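Asks: The sequence and its predicted three-dimensional model are supplied below.
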Amino acid sequence: ITDGCSLFGNRSLSEESRRPVSGPRTRPQRLAERLTLLGGAAHSAVLPSSNRMEPPLGTQQGAMQPLVADDFEACLLDKVRWTRGAQRVSQMVEEVQKVIYHLTTEISNQDIRFQAIPYSLMYNGNITVLSPSQFLVTVPVRGLSGYREAREQRWRYYTLQGARLTCSPAEPRGQQWLEVQQFMENLWQWLKADVSIQATCASQVAQGFRKGSEKGTRTDHVAGKVSVLTTGITVHVAMETSVGQVEIELAPEVEIPTAWSKRAPWPRCLSRWPSSDRAKCVKSFGFSLLARWHYHWQLSFLQAERVLLEHLDEDGGCRRRCFQALRQMKEDVWCPGRRPVITSHHLQTVLFWTCEKYPHAKDWRVFSKGLLRLARKLHKCVRQRFLKHFFVRSGNLLQHAASTELDAVAQKLALFLKDPGSSCG
């Protein structure tokens, strides 16, 4: 797995797009085909180590000890090449796919507004690996198309029972309101009172989805394989796979592939990464809205982020290797555990911001320097408890993270940056 929301197993989108798949073309297949037509160079999840000796790194900011670059790099690349962890996650994804297919099929049979997620032999774009024991599954809704941005206005807020709130909550950053009337075409089921008191509240949709999920877990294909957890607005289930337990969050998703959110002014002025052509390609995949909060829908750019990841090293750099090593260090040393406070999506965001700050190929020729650059950025964000969303700059991805856990990660990162070579001891 290259990160929290992109590739399936150890294989890239370009590789997986060449695998035969039976049945009708799904959204992941269409995405893979589009990426193939774009002509970007495919990158495997594990790249071979260069035989060229890198010059030793000097002391950084008076705190980093000199280290022998070839030993340090060889050690970290060994961590990346060690594929047992990746094979374990791939096996978990394989088993989760089968159960999710049966579960979402039952949900769709009960409520036509939710689509079933088909089982695929290629990578599944609906499954996001946040950590080896945490998955996010986005379940597309059916019957909403032709999205139009709504004008700014003062919304009325209601409880799930239909009572109007006298004090409206502030609209969170990185989220937005949604109403059925913003879509030119919609199924009549979206006008039912269970999801549309005045507008389509995320919690209403999530509640309807939860009812279907609870019934779906009692069917023959799913019973005994998953258990529904009661925490959160969205549906959380625990599943025991052959290689360990995984917690899965299922979130209803409104796909908007024909537009780019006005709340995400990107690319930024004077930005040199990615190229203008690549930025246009990224924005052509649109965005989506996830029902993960009480009233507002969370902006999501999973498709756009996958495109950025797929074409990281078109200039021959080592960004992907640096990211893989960073993720491996996070999982093994800095933030292990079943529910890590730092997920692969956080690391991916750190990578994007660092690529934007250092856009040139020369900045990513030396693996050890690139990795330390990412580690310093991660340390700064964790220490300050602030990580801006790459597309929606006003959003803080660490806003709801536990301060004590962030402090512990920051301390481990500080020790690593003081003596990087000790991590290979």
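Replies: The structure has been received and is ready for your questions.

Asks: Okay, now the unreliable bits of this structure?
Replies: Applying pLDDT under 70 to the chain flags the ranges 1-85, 150-175, 177, 179, 181, 191-201, 231-232, 423-425.

Asks: Please enumerate the helices of it.
Replies: 13-16, 27-38, 69-81, 84-110, 202-216, 276-283, 302-310, 319-329, 344-357, 367-384, 403-418 (DSSP state H).

Asks: how about those in JSON lines, adding distance to Ile127 and mean neighbour count?
Replies: Every residue, glycine included, has its C-beta placed from N, CA and C. Formatted as JSON lines, these follow (distance: least, C-beta to C-beta, whole Å; neighbours: other C-beta atoms under 10 Å):
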{"stretch": "helix 13-16", "distance to Ile127": "13", "mean neighbour count": "22"}
{"stretch": "helix 27-38", "distance to Ile127": "9", "mean neighbour count": "18"}
{"stretch": "helix 69-81", "distance to Ile127": "22", "mean neighbour count": "18"}
{"stretch": "helix 84-110", "distance to Ile127": "6", "mean neighbour count": "19"}
{"stretch": "helix 202-216", "distance to Ile127": "16", "mean neighbour count": "21"}
{"stretch": "helix 276-283", "distance to Ile127": "21", "mean neighbour count": "16"}
{"stretch": "helix 302-310", "distance to Ile127": "10", "mean neighbour count": "23"}
{"stretch": "helix 319-329", "distance to Ile127": "17", "mean neighbour count": "25"}
{"stretch": "helix 344-357", "distance to Ile127": "13", "mean neighbour count": "21"}
{"stretch": "helix 367-384", "distance to Ile127": "25", "mean neighbour count": "21"}
{"stretch": "helix 403-418", "distance to Ile127": "25", "mean neighbour count": "16"}
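
Asks: Please identify the buried residues of stretch 229-237?
Replies: Under the neighbour-count criterion of 16 or more other C-beta atoms under 10 Å, stretch 229-237 has Ile233, Thr234, Val235, His236, Val237 buried.

Asks: quick one on the thing from earlier: want to throw the helices of the chain into JSON lines with distance to Pro336?
Replies: Compiled in JSON lines, these are given as follows (distance: least, C-beta to C-beta, whole Å):
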{"stretch": "helix 13-16", "distance to Pro336": "28"}
{"stretch": "helix 27-38", "distance to Pro336": "30"}
{"stretch": "helix 69-81", "distance to Pro336": "13"}
{"stretch": "helix 84-110", "distance to Pro336": "11"}
{"stretch": "helix 202-216", "distance to Pro336": "29"}
{"stretch": "helix 276-283", "distance to Pro336": "32"}
{"stretch": "helix 302-310", "distance to Pro336": "23"}
{"stretch": "helix 319-329", "distance to Pro336": "10"}
{"stretch": "helix 344-357", "distance to Pro336": "13"}
{"stretch": "helix 367-384", "distance to Pro336": "15"}
{"stretch": "helix 403-418", "distance to Pro336": "10"}
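
Asks: Of all the ones you listed, which one comes closest to Pro140?
Replies: Proximity to Pro140 (C-beta to C-beta) singles out helix 27-38 among these, at 7.3 Å.

Asks: gap between the two ends of stretch 266-282?
Replies: Distance between the boundary residues of stretch 266-282 (C-alpha to C-alpha, to the nearest Å) amounts to 10 Å.

Asks: sorry, back to before: just tell me which of the helices of the chain ends up closest to Ser394.
Replies: Once the helices of the chain are compared by C-beta to C-beta, helix 344-357 is nearest, at 14.0 Å.

Asks: contacting residues around the closest one?
Replies: By C-beta atoms under 8 Å, 6 or more residues apart in numbering, the residues outside helix 344-357 that reach it are 1, 3-6, 128-131, 268, 271-274, 305, 308-309, 312, 319, 322-323, 326-327, 330, 373-374, 377-378, 381, 387-390, 397-398.

Asks: And Pro118, its phi and psi?
Replies: Backbone torsions for Pro118, taken as degrees, to the nearest 10, come to phi -70, psi 150.

Asks: pretty sure it contacts Lys98?
Replies: No - under the contact definition of C-beta atoms under 8 Å, Pro118 does not touch Lys98, with a separation of 11.1 Å.

Asks: show me what contacts Phe386?
Replies: Taking C-beta under 8 Å, 6+ apart, we find Phe386 in contact with Asn396, Leu398.

Asks: Am I right that Trp364 is in contact with Leu371?
Replies: No - look at Trp364 against Leu371 with C-beta under 8 Å: they stay out of range, at 10.3 Å.

Asks: okay, and the common contacts of those two?
Replies: Common neighbours of Trp364 and Leu371 (C-beta under 8 Å, 6+ apart) are Cys322.

Asks: Can you list the neighbours in contact with stretch 268-286?
Replies: 31, 34, 38, 255-260, 266-267, 303-304, 307-308, 311, 355-356, 359-360.

Asks: List the contacts of His379.
Replies: Counted by C-beta under 8 Å, 6+ apart, His379 has contacts Ala410, Leu413, Ala414, Leu417.

Asks: Tell me how far the third one lies from Thr354.
Replies: Put plainly, it is Ala414. 18 Å (C-beta to C-beta, to the nearest Å).

Asks: Equivalent analysis for the second one, please.
Replies: Using C-beta to C-beta, one gets 15 Å for the distance from Leu413 to Thr354.

Asks: With the first one instead?
Replies: Taking C-beta to C-beta as the measure, Ala410 and Thr354 are separated by 17 Å.

Asks: Out of the helices of the chain, which gets nearest to Gln176?
Replies: Comparing these by C-beta to C-beta, helix 202-216 comes nearest, at 10.0 Å.

Asks: then the closest one to CSV, C-alphas only?
Replies: C-alpha atoms of helix 202-216 as CSV (Å, rounded to 0.1, in the frame of the first residue of the first chain):
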residue,chain,number,x,y,z
ALA,A,202,-25.4,14.5,6.5
SER,A,203,-26.6,13.0,9.8
GLN,A,204,-30.0,12.1,8.2
VAL,A,205,-28.4,10.3,5.4
ALA,A,206,-26.0,8.6,7.7
GLN,A,207,-28.8,7.5,10.0
GLY,A,208,-30.7,5.9,7.1
PHE,A,209,-27.5,4.2,6.0
ARG,A,210,-26.9,2.9,9.5
LYS,A,211,-30.3,1.3,9.6
GLY,A,212,-29.6,-0.6,6.4
SER,A,213,-26.1,-1.6,7.7
GLU,A,214,-27.5,-3.1,10.9
LYS,A,215,-30.0,-5.1,8.9
GLY,A,216,-27.3,-6.1,6.3
